[in-house]
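Novice: sharing a model prediction with you, sequence too.
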Amino acid sequence: MNSIIILVIAALWLFLGYRFYSRFIEKKLKISDKNKTPAVTNRDNIDYSPSKRPFLIGHHFASIAGAGPIIGPILAVSYFGWFPTILWVLLGVVFIGAMHDYVSLMASVRNKAKGVAEIVKKYLNSRSGWIFGLMIWITLILIITVFAVSSAESIVEKPDLVIPLAGITLIAIILGIGVTKYNWNDKISSVIAIIFIFFFVWIGNMYPVTLSFSPAIVKNIWITIIMIYAFFASVTPVWALLRPRDFLSAIQMGIILILGLIAIAIVNPSINAPEYIRSSIFPLWPILFITVACGAISGFHGLVASGTTSKQLAKESHGRSVGYGSMIGEATLAILVILVSVAGLKWGAGIEGGFQASLAKGWIILFSEGFGNIVGQLNLPLISFGIAALLGAFMVNQFILTSVDTSTRLGRFVISETLIPKIKNRVATTLITLVPAWLLAVTGSYEELWRLFGTSNQLIASISLIGVAAFFVARKTTVKFIVIPAIFVLVTTMSALIYLTFSSNGFVSQGNFMLAIISMLMFVLGAFVAWEGFKALKNKG
C-alpha cells in the first residue's frame with residue numbers, strides 16, 4: 001500500500017468533517033459574538049486575557065497535542081497494525097474528539113471560564129464535582145510526571161536538544177512581551193522568531209550540551225530543571241510565556257508537519273508494516289480505544305479547553321476554529337506519525353534501525369528516525385537525515401513541554417476552583433501540584449500508576465461530556481450528538497478497566513493488587529459520577 005493514497009483519503013475526510021460537522025455543532029450551540037466572553041469581562045492579564053485567534057489556536061493545539069498523538073498511535077500500530085489505528089483516528093476525531101474539545105470550551109466560556117469539574121459540580125452535584133476534580137488532579141500529576149521524564153530521557157539521548165529548547169523559551173518571552181506590551185506586529189515578529197528558533201536548532205546540532213555525570217543523575221537534573229520551568233510558566237502571566245511559546249511551537253509543528261506531508265507525497269514510501277495484527281496480548285476492543293487517545297478523543301483536551309483556553313477566547317465565533325479545528329490538526333499529526341512509523345522504518349524484529357529496534361530506544365527516537373528517513377530523501381539544502389531527525393525530536397519535545405506547563409497551570413486551577421477553593425495563592429497551588437509530580441518522577445514510582453493513565457484519561461472525557469451535556473440540556477439544547485459519544489466512551493473505558501484488572505494477564509492474575517484496587521476504585525467513582533450525570537440529564541430533559 002502506498003502511503004500517499006491514505007494521506008489523500010485522510011485529508012479529504014478531515015476537511016469535510018471540519019467544513020460540515022463543526023458547522024452543525026456551531027448551530028446547535030447557538031454561537032453569537034453578542035455574548036461577551038470571560039476573557040473580556042474578567043480580564044486580569046494573568047489568566048484571563050483575550051487572545052488573537054492565531055495565538056490561541058497555537059496555544060490550544062500545542063497544549064492538547066503534547067506527546068499523546070505520537071505515543072498512542074505508535075503503540076497501537078505495534079499491537080494491532082496500521083489500518084484499525086488510522087480508522088479509529090479518522091472516525092473518532094470528527095464525531096467524538098473534536099466535538100468534545102469544542103463543546104467543553106463553549107460550556108466553560110458560558111460558565112465564567114470555569115473548568116469541567118466546576119461544571120459537573122454545578123449541573124450534577126457538589127459531591128460529584130469534587131470527586132471528578134480529584135480524579136482530574138491525579139491525572140494531571142501523572143501527565144506532568146511522565147512527560148517531564150520523557151523529555152528528560154530524550155535530552156539525555158539527544159543532548160543537541162538543549163540549546164533549541166532553551167532558545168525557544170527565551171524567544172517566546174521576548175515575543176510575548178513585544179507583542180503585548182509594545183504592540184509589535186505579530187506576523188513580522190513571529191517570522192523573525194521562527195528564523196531564530198531554527199538558527200538555535202542548527203547551533204544545537206553543532207554544539208550538543210552534555211553533563212559529566214551518570215545517565216541516571218543527568219536525567220534527574222533535567223527533570224528538576226523542567227519542573228522549575230513549569231513552575232515559572234504556571235505563575236507568570238499567560239501572555240508572557242505560555243501563549244507565545246505554544247504559538248511558536250504550533251507554527252514549527254505546522255512547518256514540520258507540512259514538510260513531512262510533502263515528503264510523503266514526493267517520496268511516496270510504501271507501507272511495509274502489517275495492515276492488521278491479531279494481538280496476542282490485547283483484544284482490539286476496548287484496548288485500541290484507550291491506547292489511541294489524543295488524535296481521536298482525550299479527556300485531557302477538555303481540561304485544557306475549559307482551563308487555559310476558555311480564559312483567553314476573545315469571541316465566541318473563534319471557538320469553532322480553536323476547539324474543533326485544533327483537534328483536526330492533532331488528528332493530522334497522528335496520521336503523519338502513523339505513516340512515518342510504518343513507511344519510514346522497516347518492519348520486523350532484528351532489523352537494525354527498523355520499527356521494533358527504534359521503539360526499543362523510545363517512541364521519540366522512533367518518530368524522529370522515521371521522519372528523518374523520509375524527509376532526508378528530499379535532498380533539501382541544510383536538511384540532512386541528522387537535521388531532519390533533530391527537527392522531529394525537537395518538535396516532540398516542545399509539545400511535551402507545552403503539556404507539562406499547561407498541566408501545571410491546570411492543576412493550579414483545579415485546586416483553587418474545586419478541591420481547596422480557600423487557597424488562591426498561585427505559588428502555593430502550583431507547588432501542591434508540582435512537588436508530588438517531582439517526587440514520582442525522580443523515584444520512578446509513577447511507572448506502575450501510568451499503566452492506568454489511558455483509562456483515567458478516557459474516563460475523564462466521558463464524564464466531561466456528560467457534565468457538558470447536562471449544562472446544555474439546562475439551556476434547552478438537544479444533546480444527542482454529545483450523549484451518544486459519551487456513552488460509547490464510557491462503556492469502552494469501563495470495559496477496559498474490567499479487562500485490565502481481571503483478564504488472564506490482568507492486574508489480579510499478576511498479583512498486582514495495588515493497581516487492581518486503584519482500577520476498581522476508578523470504576524466505582526466513574527460509575528457514580530456517570531450515574532449522577534444521567535439522572536441530571538433525565539431530570540433536566
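Specialist: That came through fine. Numbering: from 1, shown residues only.
Novice: where is the longest helix in this structure?
Specialist: As assigned by DSSP state H, the longest helix anywhere in the chain is helix 126-157.
Novice: can you tell me what sits against the next helix-or-strand element following it?
Specialist: Per DSSP states H and E, helix 126-157 leads on to helix 162-181 as the next helix or strand towards the C-terminus. Contact with helix 162-181 is made by 155, 184, 186, 189-190, 193, 196-197, 199-201, 203-204, 207-209, 229, 239-241, 243-245, 247-249, 390, 394, 397-398, 401, as judged by C-beta atoms under 8 Å, 6 or more residues apart in numbering. Just so you know, the C-beta spots here come from the backbone N, C-alpha and C atoms, and that holds for glycine as well.
Novice: one more time with 7 Å, if that's ok
Specialist: In this structure, residues lying in contact with helix 162-181 by C-beta atoms under 7 Å, 6 or more residues apart in numbering are 155, 184, 186, 189, 193, 196-197, 200-201, 203-204, 207, 209, 239-241, 243-245, 248, 394, 397-398.
Novice: pull out the buried residues from those residues.
Specialist: Those of the contacts of helix 162-181 that meet the buried threshold are 155, 184, 186, 189, 193, 196-197, 200-201, 204, 239-241, 243-245, 248, 394, 397-398, by 16 or more other C-beta atoms under 10 Å.
Novice: hmm, back to that, give the other helices and strands that the longest helix of the chain contacts.
Specialist: helix 116-123, helix 215-235, helix 363-375, helix 385-414, helix 426-443, helix 446-450, helix 453-474, helix 513-540 (3 or more C-beta pairs under 7 Å, 6 or more residues apart in numbering; DSSP states H and E).
Novice: counting neighbours, what do you get for A76?
Specialist: Look at A76: counted by other C-beta atoms under 10 Å, it has 30 neighbours.
Novice: just to be sure, it is in a helix?
Specialist: Yes. Counting by DSSP: H, G, I helix; E, B strand; the rest coil, A76 falls inside a helix.
Novice: so who does it touch?
Specialist: A76 touches 85, 288, 291-292, counting by C-beta under 7 Å, 6+ apart.
Novice: give me the pLDDT for K540.
Specialist: pLDDT recorded at K540 is 68.
Novice: just the contacts of A76: which are in helices?
Specialist: Applying DSSP H to those, the entries found in helices are 85, 288, 291.
Novice: PyMOL command for the buried members of those residues?
Specialist: Of the ones in helices among the contacts of A76, the buried ones go into a single PyMOL selection, burial set by 16+ other C-beta under 10 Å:
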select buried, resi 85+288+291
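Novice: need the nearest residue in space to E26, chain neighbours excluded.
Specialist: Nearest residue to E26 in three dimensions, chain neighbours excluded: R320, at 5.2 Å (C-beta to C-beta, 6 or more residues apart in numbering).
Novice: residue contacts, the one you found?
Specialist: Contacts of R320 by C-beta under 7 Å, 6+ apart are 22, 26, 102.
Novice: same list (those residues) but as JSON lines, adding neighbour count, pLDDT and distance to A516.
Specialist: Putting the contacts of R320 into JSON lines (neighbours: other C-beta atoms under 10 Å; pLDDT from 0 to 100; distance: C-beta to C-beta, whole Å) gives the following:
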{"residue": "S22", "neighbour count": "22", "pLDDT": "98", "distance to A516": "41"}
{"residue": "E26", "neighbour count": "17", "pLDDT": "97", "distance to A516": "44"}
{"residue": "Y102", "neighbour count": "28", "pLDDT": "98", "distance to A516": "36"}
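Novice: okay, the residues you listed in a markdown table with distance to L91 and secondary structure next?
Specialist: Shown next, in a markdown table, are the contacts of R320 (distance: C-beta to C-beta, whole Å; DSSP: H, G, I helix; E, B strand; the rest coil):
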| residue | distance to L91 | secondary structure |
| --- | --- | --- |
| S22 | 15 | helix |
| E26 | 21 | helix |
| Y102 | 17 | helix |
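Novice: nearest to G411 among the residues you listed?
Specialist: Closest approach between those and G411, by C-beta to C-beta: Y102, at 23.5 Å.
Novice: look at the closest residue to that closest one other than its chain neighbours and say how many residues are nearby.
Specialist: Ranked by C-beta to C-beta, 6+ apart and with sequence neighbours excluded, the top spatial neighbour of Y102 is G323, at 3.7 Å. Residues near G323, counting by other C-beta under 10 Å, number 32.
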